[in-house]
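Engineer: Any chance you can model this:
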Amino acid sequence: MKPLIVCLTLLTLTLVLALPLRAQDAPAETAPPADPATAAGWDALGEQARQMQAQAAHLRTESQQAHAAAERDCWKKFLVSDCLDDAKAALRTARQEARRLEVEAGRIERRITEHERRERVARKLADKQAEITQRRADSAGGQPSGQ
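Structural biologist: Residues are numbered from 1 along each chain as shown. Coordinates of the predicted model:
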């Protein structure tokens, strides 16, 4: 039972700790700009959200596979219940980390969507202003000046 607990603990720690290490390896890709004022900044945020979603999906898959393997091994042990409880705890920890990544990716995606909506509204407003200005210029130019 002890080797399985040690194995599950190491697996869980590896999965959970590997995520921040990957982030440190590539800080330019994962660190969000404080205020992405350019299109490239918003594109980088979108890419970061996609990477976080993929990372969460990968973590879920890996943890599910590790849980299935641990569960099979548990049935070979004398204290099956304790072993299964430990396996479930490891799975729960990995799922929580995956969920945290998904929530953060969702926040980024909502921020991008809001930015895009504001840009559309600003463009429509600018087009409307230009149209009004053009109509005023056309109506002022069409009136006779001798009256």
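Engineer: low-scoring stretches of this structure, by residue?
Structural biologist: Along the chain, segments meeting pLDDT under 70 span 1-37, 142-147.
Engineer: How about the most centrally placed residue in the chain: what's its closest non-neighbour residue?
Structural biologist: With distances taken as C-alpha atoms, centre = their mean, residue 105 lies nearest the centre of the chain, 1.7 Å away. In space, and not counting its chain neighbours, residue 105 is closest to residue 52: 3.9 Å by C-beta to C-beta, 6 or more residues apart in numbering. Any C-beta I mention is one placed from the backbone N, CA and C, and that applies to glycine too.
Engineer: which residues sit in contact with that neighbour?
Structural biologist: 101, 102, 104, 105, 108 (C-beta atoms under 8 Å, 6 or more residues apart in numbering).
Engineer: of those, closest to residue 70?
Structural biologist: Closest to residue 70 out of the contacts of residue 52 is residue 101 (22.2 Å), distances taken as C-beta to C-beta.
Engineer: Does the one helix or strand the closest one maps to pack against any helices or strands, and if so which?
Structural biologist: Element membership for residue 101 (DSSP states H and E) is helix 80-141. When contacts are defined as 3 or more C-beta pairs under 8 Å, 6 or more residues apart in numbering; DSSP states H and E, helix 80-141 sits against helix 2-25, helix 39-74.
Engineer: burial count for residue 61?
Structural biologist: Counted with other C-beta atoms under 10 Å, the neighbours of residue 61 add up to 11.
Engineer: Please apply the same query to residue 78.
Structural biologist: Count around residue 78 with other C-beta under 10 Å applied: 7.
Engineer: among the contacts of residue 52, who's most crowded?
Structural biologist: Neighbour tally across the contacts of residue 52 (other C-beta under 10 Å): the maximum, 22 neighbours, falls on residue 101.
Engineer: which ones are touching that one?
Structural biologist: Residue 101 neighbours (C-beta under 8 Å, 6+ apart): 19, 52, 53, 55, 56, 59.
Engineer: now, the most widely separated pair of the residues you listed?
Structural biologist: 19 and 53, at 13.3 Å, using C-beta to C-beta across the contacts of residue 101.
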